[in-house]
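Any chance you could fold what I've pasted below:
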Amino acid sequence: MSATQPVLPGPTNGGFEEFYHYLDILRRRKSVVILVAIGFFCCAAVFARRLPDIYRSQTVILVDAQQVPSSYVQSTVSTSLQDRLSTIQQQVMSPTRLKNMIEKNGLFRELRGKVSEDELIQKIQKSTSVDVAGHFSSFKIAYQGENPKEVSQIANQLADTFISENLQARQEQFSGTAEFLDNELQLTKSKLEAKEQQLQGIKTTNVMDLPESKQFHLEALNNLRTQLAASEDRVRQAKQDKIMLEAMMNTNHPTIEVDGGNTRSASPLQSQIEKLEAHLAELRSQYGPNFPDVRKAQADLDRLKKKEAATKAKEPTPVQTEVIAPSPSTRNPVIEAQLAKLSQEIDEQTKLQGPLQQQIDFHVSKLERVPIFEQQIAGLMRDYDSLRSHYQSLLDKKLSAQMASELEIRQKGERFVILDSAPIPDRPSGPNRVLLGLAGLVLGLLGGVGLAIAIETMDLSVRSEHEATELLGIPVLAGIPQMYTALEVRSRRIRFALALIFTASLSGGLGLLISVVTRKIGLT
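Numbers count the residues shown, from 1 in each chain. Got it, this is the predicted structure:
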């Protein structure tokens, strides 16, 4: 062969060559790939066959909305349905509740004594699922296990527990709201009564200082001031009349004493004048100088005096019957009586002005104190009105809470209703043994290919012309394939069948051992 003969390209001189290289490896090591794949498949098939049947049962619970419109009766439950479901689920799935449910319904009798109560509780917790459907209009409670009757029983029991816990939680929330409102009502009522007593005490002990008595004080003050002014006017008028009578007494003719022996007798005009002067003095003491009767009496008096003066001017001088006349008296009993009466009236009115002024000062002081009490009572009334408004608001809320509680008692509020009970399943829902077997087969193929490549990598023998060319650096003239006789072929096939049987048996035993171990440790 010529030295210039081209060398055959190696397996890594292109993508196709590399692919064919790996195919050659799989053809040479196909027995390893097949044995590993069969081993994994048998192990997975035995393990899947040994797995217990899993039954699944679920119940659908409908969230029935409040039947009475919320505009008429407002619910006091403020938490959302999602939060309440989460809380109820934690309560229902608590170890204490699950332990009571197991003992009450006699569940897992075959496992009693074999596993602990904590393991049974964990088994129920892991096997239970709660899924919300739609816009929280319903939710599903599902449970899966090995016993179909127990699966249905546990699912229905969990649904009943969810319903009872929801009803109890809502009633507790209603009762807690009502209790809180009742306590607030009692506290507000006590504060309101304290304010009422405080207001009543102020009004009782300070009747004359209240704003309501302001008009009374003003009217009394006006009347007293009017009386005081009238009294002062009467005193002033009496003093003027007294001065005028004293002046008249000094200027009038002296009266003739009858017992004194005076033979002069008063004329009829003089008697009328004296009577009219007495009457005029009385009128002035009562009404004042500008009163119509006073002015009329004064005019009559002036007329009589003019008439008397004219009469005296016409009459001759009277002849005295006695040579010696007694001395005339300067006393006028009528005027003196009027003066005494005026003095008495001045004293009485002066004494009356003192109590009137005291009463005026009393009412003025009360009027000065009215703004202080008015401000104090206004503050108390403001607090009282605020407390009363708060009390009425709490009372309305309490009545609303009581109505909402009545809705819950009569099952008219939001409630959980079992739409579909959990039936007893007639066929298992798992495990999917075919899928597990296929998964084992695929895993075995991948493991076989990896093992074949690893063996090929560790094997340093020359297996093809390409490897010889690369190793020696000279071209290979020809390649002679390995030849097997019929006996060798049959012997190889028998050895492969025996290896296959041994691998299947060993992997099947391994799958059986794994299933037993997992059952004992509670993994399945």
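
and the residue nearest to Leu199 when sequence neighbours are not counted, how many residues sit next to it?
With sequence-adjacent residues excluded and distances taken as C-beta to C-beta, 6 or more residues apart in numbering, Leu199 is closest to Leu380, at 5.4 Å. Yep, even glycine has a C-beta here, placed from its N, CA and C like the rest. Residues lying near Leu380 (other C-beta atoms under 10 Å) number 15.

Could you do Leu85 as well?
The local packing of Leu85 (other C-beta under 10 Å) involves 20 other residues.

Does it touch Ser138 like I think?
No - counting by C-beta atoms under 8 Å, Ser138 is not a contact partner of Leu85; they are 11.2 Å apart.

so what sits against both of those two?
Shared contacts of Leu85 and Ser138 (C-beta atoms under 8 Å, 6 or more residues apart in numbering): Val132.

sorry, back to before: for the residue nearest to Leu199, give me its contacts.
Taking C-beta under 8 Å, 6+ apart as the criterion, Leu380 is in contact with Lys195, Gln198, Leu199, Ile202.

Quick check: pLDDT value at it.
Per-residue confidence for Leu380 comes out at a pLDDT of 81.

Can you say which helix or strand has it in it?
Secondary structure from DSSP states H and E places Leu380 in helix 333-409.

rewinding a little: and the gap between the residue nearest to Leu199 and Gln402?
32 Å (C-beta to C-beta, to the nearest Å).

would a markdown table of the contacts of Leu380 with secondary structure be doable?
A markdown table is the format used below for the contacts of Leu380 (DSSP: H, G, I helix; E, B strand; the rest coil):
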| residue | secondary structure |
| --- | --- |
| Lys195 | helix |
| Gln198 | helix |
| Leu199 | helix |
| Ile202 | helix |
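
Show the buried residues in those residues.
Among those, those classed as buried by neighbour count (16 or more other C-beta atoms under 10 Å) are Lys195, Leu199, Ile202.

Can you tell me how far the nearest residue to the first one once chain neighbours are set aside is from Glu193?
Take Lys195 and drop its neighbours on the chain: the residue closest to it by C-beta to C-beta, 6+ apart is Tyr384, 4.5 Å away. Separation of Tyr384 from Glu193 (C-beta to C-beta): 10 Å.

So for the two, which sits in the more crowded spot?
The residue with more neighbours, out of Tyr384 and Glu193, is Tyr384; 18 against 11, by other C-beta under 10 Å.

mind listing what that one touches?
Leu192, Lys195, Glu196, Leu199.

Make JSON lines from the residues you listed and add pLDDT and distance to Phe291 to it.
Formatted as JSON lines, the entries for these read as follows, by pLDDT from 0 to 100; distance: C-beta to C-beta, whole Å:
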{"residue": "Leu192", "pLDDT": "86", "distance to Phe291": "63"}
{"residue": "Lys195", "pLDDT": "84", "distance to Phe291": "59"}
{"residue": "Glu196", "pLDDT": "84", "distance to Phe291": "58"}
{"residue": "Leu199", "pLDDT": "79", "distance to Phe291": "53"}
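
residue ranges for the strands of this structure, please.
For the chain, the strands defined by DSSP state E occupy 55-64, 128-133, 138-145, 415-420.

who wins for proximity to Leu276 among these?
Ranking the strands of the chain by their distance to Leu276 (criterion: C-beta to C-beta) puts strand 415-420 first, at 110.6 Å.

helices or strands up against that closest one?
Helices and strands touching strand 415-420, by 3 or more C-beta pairs under 8 Å, 6 or more residues apart in numbering; DSSP states H and E, are strand 55-64, helix 148-205.

Could you tell me which strands sit next to the shortest one in the sheet, and their orientation?
Spelled out, it's strand 55-64. With DSSP bridges as the criterion, the sheet partners recorded for strand 55-64 are strand 138-145 (antiparallel), strand 415-420 (antiparallel).

got JSON lines for these, with distance to Arg492 too?
Output for the strands paired with strand 55-64, formatted as JSON lines (distance: least, C-beta to C-beta, whole Å):
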{"stretch": "strand 138-145", "distance to Arg492": "49"}
{"stretch": "strand 415-420", "distance to Arg492": "62"}
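
Burial-wise, tell me which of these comes out on top.
Most buried of the strands paired with strand 55-64, by mean neighbour count (mean count of other C-beta atoms under 10 Å): strand 138-145, with a mean of 21.

Quick one: residues contacting Lys99.
Counting by C-beta under 8 Å, 6+ apart, Lys99 touches Glu117, Ile121.

What score does Phe40 have for pLDDT?
With respect to pLDDT, Phe40 scores 92.

Quick check: buried residues in the lowest-mean-pLDDT helix or strand in the chain?
Between all helices and strands in the chain, the lowest mean by mean pLDDT, DSSP states H and E belongs to helix 268-287, at a mean of 73. Across helix 268-287, burial judged by 16+ other C-beta under 10 Å covers 269-270, 273-274, 276-285.

Same check on stretch 446-463?
Under the neighbour-count rule (16+ other C-beta under 10 Å), stretch 446-463 has Gly447, Gly448, Val449, Ala452, Ile453, Glu456 buried.

Keeping just the C-alphas, turn that stretch into CSV.
What follows is stretch 446-463 as a C-alpha-only set of coordinates in CSV (Å, rounded to 0.1, in the frame of the first residue of the first chain):
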residue,chain,number,x,y,z
LEU,A,446,-30.1,5.7,31.1
GLY,A,447,-28.1,3.8,33.7
GLY,A,448,-27.1,1.2,31.2
VAL,A,449,-25.9,3.7,28.6
GLY,A,450,-23.9,5.4,31.3
LEU,A,451,-22.4,2.1,32.5
ALA,A,452,-21.6,1.1,28.9
ILE,A,453,-19.8,4.3,28.3
ALA,A,454,-17.9,4.0,31.5
ILE,A,455,-16.8,0.5,30.7
GLU,A,456,-15.8,1.5,27.2
THR,A,457,-13.7,4.4,28.6
MET,A,458,-11.9,2.1,31.0
ASP,A,459,-11.2,-0.6,28.3
LEU,A,460,-7.8,0.2,26.6
SER,A,461,-8.0,-2.5,23.9
VAL,A,462,-8.0,-1.6,20.2
ARG,A,463,-11.4,-2.3,18.8
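
contact partners of that stretch?
Taking contacts as C-beta under 8 Å, 6+ apart, the residues outside stretch 446-463 that touch it are 22, 25-26, 28-30, 32-37, 40, 468, 471.

which of those residues are buried?
So, of the contacts of stretch 446-463, Ile25, Arg29, Val32, Val33, Ile34, Leu35, Val36, Ala37, Phe40, Ala468 end up buried under the neighbour-count rule (16+ other C-beta under 10 Å).

Against Tyr391, how distant is Tyr400?
You called it Tyr, but residue 400 is Ser. Spatial separation of Ser400 from Tyr391 under the definition C-beta to C-beta is 15 Å.

how distant is stretch 185-195 from the center of its chain?
Averaging C-alpha positions (C-alpha atoms, centre = their mean, to the nearest Å) puts stretch 185-195 20 Å from its chain's average.

coming back round to it: including distance to Arg415, could the contacts of Tyr384 go into a markdown table?
Formatted as a markdown table, the entries for the contacts of Tyr384 read as follows, by distance: C-beta to C-beta, whole Å:
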| residue | distance to Arg415 |
| --- | --- |
| Leu192 | 38 |
| Lys195 | 44 |
| Glu196 | 44 |
| Leu199 | 49 |
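
which among the residues you listed gets closest to Gly430?
Distances from Gly430 to the contacts of Tyr384, taken by C-beta to C-beta, are shortest for Leu192, at 67.7 Å.

do you know how far the nearest residue to the closest one once chain neighbours are set aside is from Ala247?
When the adjacent residues along the chain are set aside, Leu192 lies closest to Leu387, with 4.7 Å between them (C-beta to C-beta, 6+ apart). For Leu387, the distance to Ala247 equals 75 Å [C-beta to C-beta].

Which of these two has more residues huddled nearby?
A side-by-side neighbour count of Leu387 and Ala247, using other C-beta under 10 Å, places Leu387 first with 18 against 10.

Surely the more buried one is in contact with Ser190?
No - Leu387 is beyond contact range of Ser190, at 10.0 Å (criterion: C-beta under 8 Å).

re the thing from before, the least confident helix or strand of the chain packs against which elements?
Using 3+ C-beta pairs under 8 Å, 6+ apart as the contact criterion, the secondary-structure elements in contact with helix 268-287 are helix 214-251, helix 292-314, helix 333-409.
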